[in-house]
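> generate coordinates for the sequence data below:
(4 chains)
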Protein chains: 2
Amino acid sequence: MEVNDVKILLVDDESDVLDFMKYNLEKEGFWVYTAQDGLEGLQLAKKINPDIIILDLMMPKLDGIETCRELRALPEFKNTIITFLTARDEDYSQIAGFEVGADDYITKPIKPRVFISRIRALLRRLEANSGDAKLKVGDIVIDRERYMVVKSGVEIQLPRKEFELMSLLVSKPGRVFKREEILSKVWGNETIVGDRTIDVHIRKLREKIGDDYFKTIKGIGYKFDA
Amino acid sequence: MEVNDVKILLVDDESDVLDFMKYNLEKEGFWVYTAQDGLEGLQLAKKINPDIIILDLMMPKLDGIETCRELRALPEFKNTIITFLTARDEDYSQIAGFEVGADDYITKPIKPRVFISRIRALLRRLEANSGDAKLKVGDIVIDRERYMVVKSGVEIQLPRKEFELMSLLVSKPGRVFKREEILSKVWGNETIVGDRTIDVHIRKLREKIGDDYFKTIKGIGYKFDA
DNA sequence: CCTTTAGGTTAAGCAACTGTTAAGCGTTGC
DNA sequence: GCAACGCTTAACAGTTGCTTAACCTAAAGG
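The predicted model follows:
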């Protein structure tokens, strides 16, 4: 994973702290998003699917612990790295933090260089964790390793052919796949199936994932679009 | 075992010492957790199942010796590496330390490079000892050395094939293992067994460990999930 | 408009795969 | 040599997924 592909979400109610972190992370080439409270953070996280989330503990509306718990309850954040930001000596919270599934703690104040190297350490972890087996598009995640589709937090199990078909289409969102191309890639070059077979599978996908994602290009084939 | 998979728990009441160790270990890519006293350390250890635990001797609430004794009393920490941290010349404690099952001593102050190489030495020992001897997922620990599965503290003895199968699945929780993959890894490439053999073993595991842990992905294989 | 053509929909039958059970066989320990 | 155990297989049951056929609808082009 390139540094340029890494999305980091910062959630803190203090603008100073946000600016400090954002500035330093962006200087390193990370892609930084910010939110000022837990609720906002939660929404933004669902929207952008960040790789790392840094949560302040003390926040209005929804504190860090709660936000983390809610994030971890969603399958698409099961492998996201979540870190708490805490004032030095607030450590009482560490137990509670790890209990809701935090991966790390960062204590403030922290020096820029230490901060960055901390983030890099987290990143190494992220790379080790996730093979290349995950496709993310909008609020949809396809996890080849688990044979699972996650749509805005909900895990969906698909039968084999449907899953393969969906994987294929999602692998290049927006790109149109010709019918014959789909046949050869999902069914294989040898097997010969009737005309309606693809349609039926597309139909099932529309039923399970949502109508709008799969677009028909008449006379050509299908494409996936968010 | 990858560096990125190694979890180290540091327990010391002095924040400076914690920060020093944490910083240096993280720079190397280890996964570091910290606690400030024995009780907290104990709780955190149960939660995160670390591979190496570094305990300061002098701590409030529960000192290093006692913490170690309690850790060693739990089956899942029988093979965890536990190291004491001690001020130079506190040698009186060394005897007591080894008696409760410590694996090593680190004397402070210590230089970063020496510290790291010491940890690496421990790690080599961990690998040599057990050749990935322990797999931990949620409330399940797999102890390769003793051919034992510990589920929420209860030891379960499994026959060899069942154990190998379970080990394989648990080694990557959530990941789907194809039937042929299972066959080649558990039975070996040469032996040819019938189709139903895997199913029967899965069935026995479901019987002994619990139905919900083993999920069938039809047409593909099985996966382990907590 | 009407025709043509491609795609959508549905249910049914078939095929593929997995679950379950019991029995056979070899090994080990007593 | 008997009992207990582990591994594999066979037979059957149960389930799910895949494909097809028949019919319907929508879009495009004359």
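> skipping its backbone neighbours, what lies nearest the residue nearest the centre of chain A in space?
For chain A, A:Asn49 is the residue whose C-alpha lies nearest the centre (Cα atoms, centre = their mean; 3.5 Å). Distances taken as Cβ to Cβ, 6 or more residues apart in numbering or on different chains place A:Lys136 nearest to A:Asn49, at 5.3 Å, with adjacent residues excluded. (Glycine included, C-beta is placed from N, CA and C.)
> hmm, the lengthiest strand in chain A in reach of chain B?
The residue-count maximum for a strand in chain A (DSSP state E) belongs to strand A:81-87. No: Strand A:81-87 does not reach chain B (Cβ under 8 Å from any Cβ of the partner chain); its nearest approach is 10.7 Å.
> again, but for stretch A:206-217
No: for stretch A:206-217, no contact with chain B is found by Cβ under 8 Å from any Cβ; the gap never falls below 15.7 Å.
> now do the buried residues in that stretch.
A:Ile209, A:Tyr213, A:Phe214 (16 or more other Cβ atoms under 10 Å in any protein chain shown).
> B:Ile53: which of those residues is nearest?
A:Ile209 (45.5 Å; Cβ to Cβ).
> what about the closest one, distance to B:Val176?
20 Å (Cβ to Cβ, to the nearest Å).
> ok, now A:Gly210?
Counting by Cβ to Cβ - A:Gly210 and B:Val176 are separated by 24 Å.
> kindly report the same for A:Leu55.
Counting by Cβ to Cβ, the gap from A:Leu55 to B:Val176 is 31 Å.
> tell me which of the two has more neighbours.
Neighbour count, other Cβ atoms under 10 Å in any protein chain shown: between A:Leu55 and B:Val176, A:Leu55 has more, with 29 against 21.
> isn't that one up against A:Thr86?
No: counting by Cβ atoms under 8 Å, A:Leu55 does not reach A:Thr86; the two are 9.6 Å apart.
> overlap in contacts of those two?
The contact sets of A:Leu55 and A:Thr86 do not overlap (Cβ atoms under 8 Å, 6 or more residues apart in numbering or on different chains).
> show me how far the helix ranked longest in chain A is from its chain's centre.
Longest helix in chain A, counting residues (DSSP state H): helix A:112-129. Distance, stretch centre to chain centre, for helix A:112-129: 18 Å (Cα atoms, centre = their mean, to the nearest Å).
> just the helices in chain A please.
A:15-27, A:38-48, A:64-73, A:93-99, A:112-129, A:160-171, A:179-182, A:196-209.
> residue numbers of chain A in contact with DNA strand D?
A:157, A:159-162, A:187, A:191-194, A:196-197, A:200-201, A:218 (Cβ under 7 Å from any atom of the strand).
> buried subset of those residues?
By 16+ other Cβ under 10 Å, the residues of chain A next to DNA strand D give A:Lys161, A:Glu162, A:Trp187, A:Thr197, A:His201 as buried.
> go ahead and confirm the last one touches A:Glu162.
Okay, so that is A:His201. Yes: A:His201 lies in contact with A:Glu162 (Cβ under 8 Å); the separation is 5.6 Å.
> in chain A, where is pLDDT below threshold?
Across chain A, the ranges flagged by pLDDT under 70 are A:1-4, A:88-95, A:127-133.
> tell me the domain ranges of it?
Here the domain parsing of chain A from automatic domain parsing is A:3-129, A:134-224.
> what's the most distant pair in the residues of chain A next to DNA strand D?
Pairwise distances across these (Cβ to Cβ) peak at 30.7 Å, for the pair A:Gln157 and A:Lys218.
> measure the residue nearest to A:Asn49 to A:Pro50 for me?
Taken as Cβ to Cβ, the span from A:Lys136 to A:Pro50 is 10 Å.
> out of these two, which sits in the more crowded spot?
Between A:Lys136 and A:Pro50, A:Pro50 has the larger neighbour count (other Cβ under 10 Å), namely 22 against 16.
> so who does the more buried one touch?
A:Lys7, A:Ile8, A:Leu9, A:Tyr33, A:Thr80.
> what's around A:Phe115, how many residues?
Neighbours of A:Phe115 under the rule other Cβ under 10 Å: 19.
> ditto for the one 3 residues further on
The burial count assigned to A:Arg118 is 20, neighbours taken as other Cβ under 10 Å.
> also A:Ser15?
11.
> ok, A:Met59 next?
A:Met59: 24 neighbours (other Cβ under 10 Å).
> that one reaches A:Glu40, doesn't it?
No: applying Cβ under 8 Å, one finds A:Met59 not in contact with A:Glu40, separated by 9.5 Å.
> now do the shared contacts for those two.
The contact sets of A:Met59 and A:Glu40 overlap at A:Val11 (Cβ under 8 Å, 6+ apart).
> hmm, back to that, overlap in contacts, A:His201 and A:Glu162.
Counting by Cβ under 8 Å, 6+ apart, no residue touches both A:His201 and A:Glu162.
> state the distance from A:Leu74 to A:Leu42.
9 Å.
> just want to know which of those two has more residues nearby.
Ranked by neighbour count (other Cβ under 10 Å), A:Leu74 and A:Leu42 place A:Leu42 first, with 23 against 17.
> residue contacts, the more buried one?
So A:Leu42 contacts A:Leu62, A:Thr67, A:Glu70, A:Leu71 (Cβ under 8 Å, 6+ apart).
> cool, A:Leu122 as well?
Applying Cβ under 8 Å, 6+ apart to A:Leu122 gives the contacts A:Ile52, A:Ile81, A:Thr83, A:Asp103, A:Asp104.
> make it 6 Å
Applying Cβ atoms under 6 Å, 6 or more residues apart in numbering or on different chains, we find A:Leu122 in contact with A:Ile52, A:Ile81.
> who's in contact with A:Thr83?
Here A:Thr83 is in contact with A:Ile54, A:Asp104, A:Ile106 (Cβ under 6 Å, 6+ apart).
> brilliant, that's me finished.
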